[in-house]
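Engineer: missing the sequence, but the structure's below:
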C-alpha cells in the first residue's frame, strides 16, 4: 500500500491549511480593528475633512485670472507663465 493511499490526498490537506491561515488572518484583522478602531476613525475623518477643504478651494480658483496674473509678472519672481517673445 502506498503512502498516498494510506494518508489520503495532499490536495485536501493543502486546502485545510489555507483555510486555517485565512481564519487566523481574519482574527488578527478583527483584533487590530477593535484595538486601533477609534484612532483610525479619527485619522480617516481628518483626512476626509482636509480633502474636502482642498476640493472646495480648488473649485473656487479663477484659473483665467491666475494665468493672466502669472503672465503679467513675467520673469520677476521666477515666473509662472509663458512669456511672449
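Structural biologist: Looks like it arrived, so ask away. Since this is a predicted model, take the numbers as computed values, not measurements.

Engineer: any idea which element residue 14 lies in?
Structural biologist: helix 10-59 (DSSP states H and E).

Engineer: Any idea which residue is closest to the centre of the chain?
Structural biologist: The centroid of the chain falls nearest to residue 44 when counting by Cα atoms, centre = their mean (10.6 Å).

Engineer: Check the gap between that residue and residue 30 for me.
Structural biologist: Residue 44 sits 18 Å away from residue 30, going by Cβ to Cβ, to the nearest Å. Where C-beta positions appear, they are placed from N, C-alpha and C, glycine not excepted.

Engineer: do residue 57 as well
Structural biologist: Separation of residue 57 from residue 30 (Cβ to Cβ): 38 Å.

Engineer: repeat for residue 51
Structural biologist: The gap separating residue 51 from residue 30 is 28 Å, by Cβ to Cβ.

Engineer: now residue 62
Structural biologist: Taking Cβ to Cβ as the measure, residue 62 falls 49 Å from residue 30.

Engineer: try residue 56
Structural biologist: 36 Å.

Engineer: so residue 61, which of the three states?
Structural biologist: coil (DSSP: H, G, I helix; E, B strand; the rest coil).

Engineer: can you count the residues close to it?
Structural biologist: Residues lying near residue 61 (other Cβ atoms under 10 Å) number 9.

Engineer: How about the backbone phi and psi for it?
Structural biologist: Backbone torsions for residue 61, taken as degrees, to the nearest 10, come to phi -80, psi 130.

Engineer: how close does it sit to residue 18?
Structural biologist: Residue 61 is 52 Å from residue 18, by Cβ to Cβ.

Engineer: for residue 48, same thing?
Structural biologist: Applying Cβ to Cβ to residue 48 and residue 18 gives a distance of 36 Å.

Engineer: Residue 45 now?
Structural biologist: Taking Cβ to Cβ, one finds residue 45 at 36 Å from residue 18.

Engineer: for residue 26, same thing?
Structural biologist: With Cβ to Cβ as the criterion, residue 26 and residue 18 are 13 Å apart.
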